[in-house]
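A.B. asks: Sequence first, predicted coordinates after that:
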Amino acid sequence: MNGALATTERLTIRKLTLADAPFIFRLVNDPDFLAYIGDRGVRTLADAEAYLRNGPITSYERHGYGLWGVALKETEELIGMSGLLKREQYDDTDIGYAFLPEFRGGGYAFESGSAVLRIADEALSLRKVIALVSPANAASIGLLKKLGFTRSAIEAPGPDTIIYERVPSPR
């Protein structure tokens, strides 16, 4: 696929575009997304376009990275998003990911998360990556641990969030 930021055995990671609004609409309204990540107020395709414009697309322009689309390599079907977020309240960059229900549990989050961390290490030279996660989201916490994250001493924004961090090993 043209414009791939990274490819893995099964996946292509690419920038999201306004054409991805139907996918975003479905993803951000998934009950697990709403429960563990939050309500983004996306009620229409126009809202999904605004989410893309004001979120990932603005982040690409401002920081050189953001949440990227994760597609199956063979079909180019978007199955989730995985990427890096720069939150103003934290010095370090945050990894984020979300997948459609039918693509959870198949190793796609680990595969794409590993690729995103390679981009963070090799292309962006980020010193540390953090992750904000709901303490109730056991699957996400398990994934973070598998990706090499440990519980951080950074103060979380509230009781519904804990922070993990990953410091790459020195080269």
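C.D. replies: Received it, and whenever you're ready, just let me know what you need.
A.B. asks: Now do the contacts for Thr8.
C.D. replies: The contact partners of Thr8, taken as Cβ atoms under 8 Å, 6 or more residues apart in numbering, are Lys73, Glu111, Ser112, Ser114, Ala115. C-beta: built from backbone N, CA, C; applies to glycine.
A.B. asks: Which two among the residues you listed are spaced furthest apart?
C.D. replies: Pairwise distances across the contacts of Thr8 peak at 14.9 Å for Lys73 and Ser114 (criterion: Cβ to Cβ).
A.B. asks: mind listing the helices for the protein?
C.D. replies: Using DSSP state H, the helices of the chain run over 21-28, 31-36, 45-52, 58-63, 108-118, 138-146.
A.B. asks: Roughly how far does Lys15 sit from Pro56?
C.D. replies: Summarising the geometry, the distance separating Lys15 from Pro56, computed by Cβ to Cβ, to the nearest Å, is 7 Å.
A.B. asks: so Tyr51 sits right up against Leu45, yeah?
C.D. replies: No. At 10.3 Å, Tyr51 and Leu45 do not qualify as touching, with contact defined as Cβ atoms under 8 Å.
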